[in-house]
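K.L.:
Please find the sequence and the predicted model below.
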Amino acid sequence: MDKARIKKIKETLVKKRPLVIDKLSKEDKEQVFEFCEKYKSFLDQSKTEREAARQIIDAAKQKGFVDIDTALAGKTKNIKKVYKIFQGRCVALAILGKKLSQRGANIIASHIDSPRLDLKQNPVYEDLSLGLMKTHYYGGIRKYHWLAMPLALHGTIIKSNNERIDITIGEHPGDPVFTITDLLPHLAGKIQSNKNISEVFEGEKLNLIVGSIPLGDDEKDRFKLGVLNCLFDQYGITEEDFVSAEIEAVPSEKARDVGFDRSLIGAYGQDDRVCAFTSLEAFLDSEPSEKTIMALFFDKEEIGSEGSSGAKSNFLEDFMSDLLLISGEDTGNRSLRKALIHSSCLSADVNAAMDPDFKDVHEAMNAAKLGFGICITKFTGVGGKSGASDASSEFVGKIRQIFNHHHIVWQTGELGKIDQGGGGTVAKFLAKFGMNVLDCGPALLSMHSPFEISSKADVYMTYLGYKAFYKNND
Ligand code: MN
Ligand code: MN
């Protein structure tokens, strides 16, 4: 066979793995950078699930979306663009199309909670003349990531008189920050050398330094009292108020460009606010069409999607039933089931990109890489696909066709080597309704760390991919 023919065969048969940046025009590249400026400011404004929910609702309201509960209470008809917020931590948006119970909706579901350190309910204490606060970590963290770095406190406090206070301390240049100390290397040897990493860093040792000026000169616990006095002076809160508070310690650093060429973004909370933001933008840029489209933003994914604001809850069914009601369709159980079963869903979550320093945990042929576009993850789970939602070949085929048709640069990914570990997403909690679900989002480096890395080109491709999915009308 001649060389030209072999070349032709190769071009036809071998799967291509294009790098996004090679596929972009000069104008496209400018778009990528512009889009990511907006993304970075979304990250800076959305360091907790409540803040992300507020950003999402604000953006939707600006585009004319109305609260579905208010609309239903006022018996308003002919509304196409609606939102629902639940417990301030879980959001749904929809643009209504036709025949929802027969055709279902195109759904993109992400999560807006991220790993962090929550304050305990009785947090304040003192030790060695320092005021301290105890934390309880949330989600999968590597504890040592959180030591010796500036942390901000974000949260909501419900006082005894039911007054609600939202606090953000440590985000503005003049604000104080908080920190968890680490052992100096000079003295770490003996304590740490014979232990494995999980023994060295203990959950009960993630305590924040919050002050060091005492109140009074011979009071008992006068350093703790100093802290409580500051809190009362500045926020009017007492020690008991922490019982009804959700306060999260998060990295105080803002989202930053990474690299001489500024091609990457380093920021806290990109898992999974990168998918929340790109799906939000794709959703808000979509025109009303035949098929209903929906964006879901869940809480509690990082701890198993539990509780009333997580994907295991009845939130989606409730919202779907509201949508049937507002569009004048039958709201019976059968219609609701049909609307759900006929829906298609992208479970919008991140995957782990292959790390040049830790290649061994991945299987190179099937691992996602930074810069190679939106990543399709057919299944998640642990060793032998345990706990996975495994998308059907038909649905993967459909998404592949949509992406190829719209020139979306995509890749596939697996979460590490088979026996290495694994993880899950909200996919299986949506798949239980019978709808088709596929995990799909960008890959990150340093996932679950306080400084996760994404590729701007991937972020933009994710936005374009989600937009293409929403556009699909069959
Ligand atoms: Mn995630
Ligand atoms: Mn995660």
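P.N.:
Arrived safely. Numbering: from 1, shown residues only. Ligands and ions are numbered 1, 2, ... in the order given.

K.L.:
okay, CA-based contacts and neighbour counts for the rest of this
P.N.:
Will do.

K.L.:
Tell me the backbone dihedrals of the closest residue to ligand 1 within the stretch 101-250 of the chain, please.
P.N.:
Nearest residue of the stretch 101-250 of the chain to ligand 1 (CA to the ion) works out as residue 111 at 6.6 Å. Here is the backbone geometry of residue 111 (degrees, to the nearest 10): phi -130, psi 150.

K.L.:
show me what contacts the nearest residue to it once chain neighbours are set aside?
P.N.:
Closest residue to residue 111 apart from its sequence neighbours, by CA to CA, 6 or more residues apart in numbering: residue 298 at 4.4 Å. The contact partners of residue 298, taken as CA atoms under 8 Å, 6 or more residues apart in numbering, are 89-91, 109-113, 309-311.

K.L.:
Just want to check the distance between residue 298 and residue 427.
P.N.:
Note on residue 298: its distance to residue 427, by CA to CA, to the nearest Å, is 12 Å.

K.L.:
thinking again about what came up before, wait, isn't the residue of the stretch 101-250 of the chain closest to ligand 1 in contact with residue 272?
P.N.:
Yes. At 5.7 Å, residue 111 counts as touching residue 272 under the criterion of CA atoms under 8 Å.

K.L.:
rewinding a little: which two of the contacts of residue 298 lie the greatest distance from each other?
P.N.:
Farthest pair in the contacts of residue 298 (CA to CA) is 89 and 109. Separation: 14.1 Å.

K.L.:
Can you pick out the residue with more neighbours from the two?
P.N.:
Shown here are residue 89 and residue 109; by other CA atoms under 10 Å, residue 109 has more neighbours (26 against 23).

K.L.:
and the more buried one, what are its bridge partners?
P.N.:
Beta-bridge pairing for residue 109 (DSSP bridges): residue 296, residue 347.

K.L.:
Tell me which residues touch it, please.
P.N.:
Residue 109 is in contact with 295-298, 345-348, 426, counting by CA under 8 Å, 6+ apart.

K.L.:
Can you check which strand is longest in this protein?
P.N.:
strand 116-127 (DSSP state E).

K.L.:
For that one, which strands pair with it and how are they oriented?
P.N.:
Strand 116-127 has the following sheet partners, assigned by DSSP bridges: strand 130-138 (antiparallel), strand 245-251 (antiparallel).

K.L.:
Nearest to residue 435, out of these?
P.N.:
Among the strands paired with strand 116-127, the nearest to residue 435 by CA to CA is strand 130-138 (29.8 Å).

K.L.:
Following that closest one in sequence, what is the next regular element?
P.N.:
Once strand 130-138 ends, the next helix or strand along the chain (criterion: DSSP states H and E) is strand 151-158.

K.L.:
So which elements touch that following strand?
P.N.:
Here strand 151-158 touches strand 164-169, strand 245-251, going by 3 or more CA pairs under 8 Å, 6 or more residues apart in numbering; DSSP states H and E.

K.L.:
quick check, stretch 433-446 touching ligand 1?
P.N.:
No. If you take CA under 5 Å from the ion as the test, stretch 433-446 misses ligand 1, and the best it gets is 9.5 Å.

K.L.:
Any buried residues in that stretch, and which?
P.N.:
Neighbour-count burial for stretch 433-446, with 16 or more other CA atoms under 10 Å as criterion, is recorded at 433, 435-445.

K.L.:
pLDDT (mean, whole number) over it?
P.N.:
Regarding stretch 433-446, the rounded mean pLDDT is 98.

K.L.:
How far does that stretch stretch from one end to the other?
P.N.:
Distance between the boundary residues of stretch 433-446 (CA to CA) amounts to 33 Å.

K.L.:
Begin at 59, not 1, for the rest of this chat.
P.N.:
All right, first residue 59 from here; so that's stretch 491-504.

K.L.:
Just give me how far that stretch sits from the chain centre.
P.N.:
Centre-to-centre, stretch 491-504 and its host chain are 12 Å apart (CA atoms, centre = their mean, to the nearest Å).

K.L.:
Then stretch 262-273?
P.N.:
The chain centre lies 30 Å from the centre of stretch 262-273; the measure is CA atoms, centre = their mean.

K.L.:
Quick one, grab the pLDDT at the residue nearest the centre of the chain.
P.N.:
Centroid-nearest residue in the chain, with CA atoms, centre = their mean: residue 330, separated by 2.0 Å. Per-residue pLDDT puts residue 330 at 96.

K.L.:
picking up where we left off before, most neighbours among the contacts of residue 356, which one?
P.N.:
When neighbours are counted by other CA under 10 Å, residue 168 leads the contacts of residue 356 with 34 neighbours.

K.L.:
How confident was the prediction at it?
P.N.:
As predicted, residue 168 sits at a pLDDT of 98.

K.L.:
same deal with residue 454?
P.N.:
For residue 454, pLDDT reads 98.

K.L.:
what does this protein put close to ligand 1?
P.N.:
With CA under 5 Å from the ion as the criterion, the chain meets ligand 1 at residues 329-330, 407.

K.L.:
Relative to ligand 1, how far out is residue 309?
P.N.:
To ligand 1, residue 309 is 18 Å away according to CA to the ion, to the nearest Å.

K.L.:
Test my guess that that residue contacts residue 327.
P.N.:
No. The pair residue 309 / residue 327 is not scored as a contact, 9.3 Å apart, by CA under 8 Å.

K.L.:
Right, I'll call it a day here.
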